[in-house]
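**Student:** Test case, fold it:
(one chain, ligands or ions: 2)
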Amino acid sequence: MLRRGLLTKGLNSTTTPLATRRTSRAALFSFPRVPLLSISSQTPRFLSSAANSLTHLKSQLSDPTLITAAGFIDNEFIATSNSGKHFAVYDPAKGTQIAHLPDMGIEETERAIQSAKKAFPAWSQTTAKERSTILRTWYNLILENEQDLAKIITWENGKPLADALGEVRYGASFFEWFSEEAKRLYGEVIPSPNRQQRMIAIRQPLGVVGIITPWNFPNAMITRKLGAALAVGCTVVAKPASETPLSAVALYELGRRAGVPKGVIGLVTTHHDTKAIGKHLCESQDISGISFTGSTAVGKLLLKQSADTVKKVSLELGGNAAFIVFEDADIDKAVDAAVLAKFRSSGQTCICVNRFYVHSSIKDVFGERLREKVEKFRVGSGMEADTTHGPLINKASVEKVRSHVHDALDHGAKLLVGGKESENTHGYFYPPTVLTDMNDNMRIATEETFGPVAGIFSFDTEEEVLKHANNTRFGLAGYFFSKDVSRCWRVAESLQVGMVGVNTGAISSEVAPFGGVKESGIGREGARQGLDEYTQYKYINMAI
Ligand SMILES: NC(=O)c1ccc[n+]([C@@H]2O[C@H](COP(=O)([O-])OP(=O)(O)OC[C@H]3O[C@@H](n4cnc5c(N)ncnc54)[C@H](O)[C@@H]3O)[C@@H](O)[C@H]2O)c1
Ligand SMILES: O=CCCC(=O)O
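**Tutor:** Ligands and ions are numbered 1, 2, ... in the order given. From the prediction side, this is the model:
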C-alpha cells in the first residue's frame, strides 16, 4: 500500500528517503531542495531559492506564463506587497518550498475593492450574452490548458495528477454551466390584485462580492463562486488559501486572456494578514456579499463580522458525513462507493465520509472488503503515474488525523489496515486507515477528520442508525446503500443534510445544488440556485 520512503514500519520498512527514489518520470518534476525555514526568517537568498523552484516548475509547463507569483489588482499582476513581505507555498509531497507570493495586506485589499467597485456599473450593465461569451471563452481556455493547470494543482495541493485533471474539468464545468445560466436570470410577473397596477420582480447583481476559498480544491472552489458571480454581473475580490494560490493565479491569467474587463476580478494573496483581510472584506461597506468555503469555525466568524453591514453571506462549511450500509445493500457496490466517498483527495473533501454505519450482520464482511481495497492504494507523490493517493496538505493535518486514530484506538477501536506511519517520509503523509468497532466516545463520532481514516460503527435498526447519523451539528452530505425503494425515500428524507447519495458515493455536479444545512452552511453553489447567492430581487409596481 505505501511505497518508497513512505513504507510503513512493520509492513515493509526502508530507510531511503522519497526524494532519492523517484521514478524517471517523477524526476522530471523534482525541484531543487530548499531548507525549511519559517516565513518570518526569510532572506533574499531564500527567496531566490524559491524563485529557482518556480523557474523549474515553469519549465515543466507547456505555457510557463500560467505561473506568476503575484496577486491581481486592476488587471495587473502584482508581484510585491506594500510591506515587502512574502509567504511560502509548499509542495506537500516533499515539504519543500516551491514559491513565494506577495503577502498582501489591507491596503492592497482596499485597492482591489475600489477597483471592483469602479468596474461594477459597466460590468453589471453588460448583456447576459456578453457575460456568457466571456465565461464560455474562459471555459475553453481552461480546457486548452488543462494539463498545465492540473500540474499546478498537484504541485501545491499534492493530489494525484489524474485527480487534479478531474478537478480542472470539474472547475471548468462551472464556467460552462454559468455561461449558460447567465442567460436565464429570469424575474417574475406577478398577477396584480389591483387593475391600476402592474407588478414585476427583477433580479439584480449584489455588487462587489468578497470570495474566500480553501486549499482542497484550489481551482474548482474558485470557479464555482466566480462563475455564478460574474454570470449575474457582480464584480469580485477573491482571497485564495495561502497553501494553494498558484492555481488561482493561473485561472486569473486565463480570465485576463478571456477578456474579463479591468477591475472585474481582483485577487489578493496573503498569509499573515488572512484574518485582517477577512474582517476587512466583511466590514467594508463597498462589499455587498461574502461567499466563503472552508471550516465551520471561520464561517461563523465571517458571519458575525458581516452582521454590522447586513451582508448577504453564503457559507460552504465543514461536514461529518455518515455512510450507512443497510443489511439489504449490494455490499460490493457499497465498498466501491465507500472508497470514493471516503478516500477521494486522501479524505480531504468536505463531503468525505466521516462515519461508516454498517448493519451488524454485514459489518465484518464490509470491513474486510474495504481493507482489501485500501491495501491496494499506492500512496506517494501526486506526480508519479501510479500514485492513487497523495499527501495531506500540511503537518497540522497529519497531526489531527493521527490524534483521531490514536483516540479511537485508545477507546477500543480495532485497526484493520494503516495507522502506522513511516519515519522516512519528507512530505505530509498519513497511511490510509480502516478502523472498526467504533463507538460514540471517540472524536471521529463528532469531529471532522479531514483525512484518510474510515471508522466503522455498527447498528441494528433503521431508527437507531438515523438517530446516530443525525446526531451532529454538521449537515452537509450523507450516503446510504439499500435495495428497498420505500426505505430509500424514507431515509433520504430523514437525513438532516443538504445532499444525499443513495446507492452512490459520487454526488458532485455543476448542475446540482451543492450545500449544507445546520452548521455546514448557508446557501447553494452550482445549479440554477447558485445564482441566488449573488442576486437580490427588486419589486417594481407600475401604476397604469
Ligand atoms: N462545504 C464545502 O463546500 C467545503 C468545501 C471545501 C472545504 N470545506 C471545509 O473546509 C475545511 C478545510 O479547509 P481549510 O482548513 O482551508 O479551512 P479554513 O476555514 O481554515 O480556510 C479556508 C479559507 O479561509 C481562510 N481563512 C482562515 N481563517 C480566516 C479568517 N479568520 N478570516 C478570513 N479568512 C480566513 C483561509 O486562508 C482559506 O482561504 C473543512 O472543514 C472542509 O470541510 C467545505
Ligand atoms: O470539498 C468540497 C467540495 C467537493 C466537491 O465539490 O465535490
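**Student:** Stretch 397-411 near ligand 2 anywhere?
**Tutor:** No. Against ligand 2, stretch 397-411 shows no contacts by C-beta under 6 Å from any ligand atom, the least distance being 13.8 Å. Glycine gets a C-beta too; all of them are placed from N, C-alpha and C.
**Student:** any idea how far the residue in the chain that ligand 2 sits nearest to is from Cys352?
**Tutor:** For the chain, the residue closest to ligand 2 is Ser508, as judged by C-beta to the nearest ligand atom, at 3.2 Å. Distance, Ser508 to Cys352, using C-beta to C-beta, to the nearest Å: 11 Å.
**Student:** Over to Gly318?
**Tutor:** 10 Å.
**Student:** Looking at those two, which is more packed in?
**Tutor:** Cys352 (29 against 22; other C-beta atoms under 10 Å).
**Student:** Just give me the residue right at the centre of this protein.
**Tutor:** Phe217 (3.5 Å; C-alpha atoms, centre = their mean).
**Student:** Hmm, that one is touching Gly171, no?
**Tutor:** Yes. Here Phe217 reaches Gly171: they are 7.4 Å apart, a contact under C-beta atoms under 8 Å.
**Student:** At which residues are the helices of the stretch 401-544 of the chain located?
**Tutor:** Under the criterion DSSP state H, counting those that start in this stretch, the stretch 401-544 of the chain carries helices at the ranges 462-469, 485-494.
**Student:** can you tell which of these is closest to ligand 1?
**Tutor:** Shortest distance between ligand 1 and the helices of the stretch 401-544 of the chain, using C-beta to the nearest ligand atom, is found for helix 462-469: 17.3 Å.
**Student:** got the contact list for the closest one?
**Tutor:** Applying C-beta atoms under 8 Å, 6 or more residues apart in numbering, the contact partners of helix 462-469 are 322, 324, 326, 355, 357, 440, 457, 459, 478, 487, 490-491, 494-495.
**Student:** Just send those residues back as a markdown table, with distance to Gly266 and neighbour count too.
**Tutor:** Listed next are the contacts of helix 462-469 as a markdown table, based on distance: C-beta to C-beta, whole Å; neighbours: other C-beta atoms under 10 Å:
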| residue | distance to Gly266 | neighbour count |
| --- | --- | --- |
| Ala322 | 39 | 25 |
| Ile324 | 44 | 25 |
| Phe326 | 49 | 22 |
| Arg355 | 40 | 25 |
| Tyr357 | 45 | 22 |
| Asp440 | 46 | 12 |
| Phe457 | 46 | 25 |
| Phe459 | 50 | 21 |
| Gly478 | 37 | 30 |
| Arg487 | 49 | 15 |
| Arg490 | 48 | 14 |
| Val491 | 44 | 21 |
| Ser494 | 44 | 16 |
| Leu495 | 39 | 23 |
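**Student:** and the residues you listed as a markdown table, adding distance to His280?
**Tutor:** Converted to a markdown table, these look like this (distance: C-beta to C-beta, whole Å):
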| residue | distance to His280 |
| --- | --- |
| Ala322 | 38 |
| Ile324 | 43 |
| Phe326 | 49 |
| Arg355 | 38 |
| Tyr357 | 43 |
| Asp440 | 41 |
| Phe457 | 43 |
| Phe459 | 47 |
| Gly478 | 36 |
| Arg487 | 50 |
| Arg490 | 47 |
| Val491 | 44 |
| Ser494 | 42 |
| Leu495 | 38 |
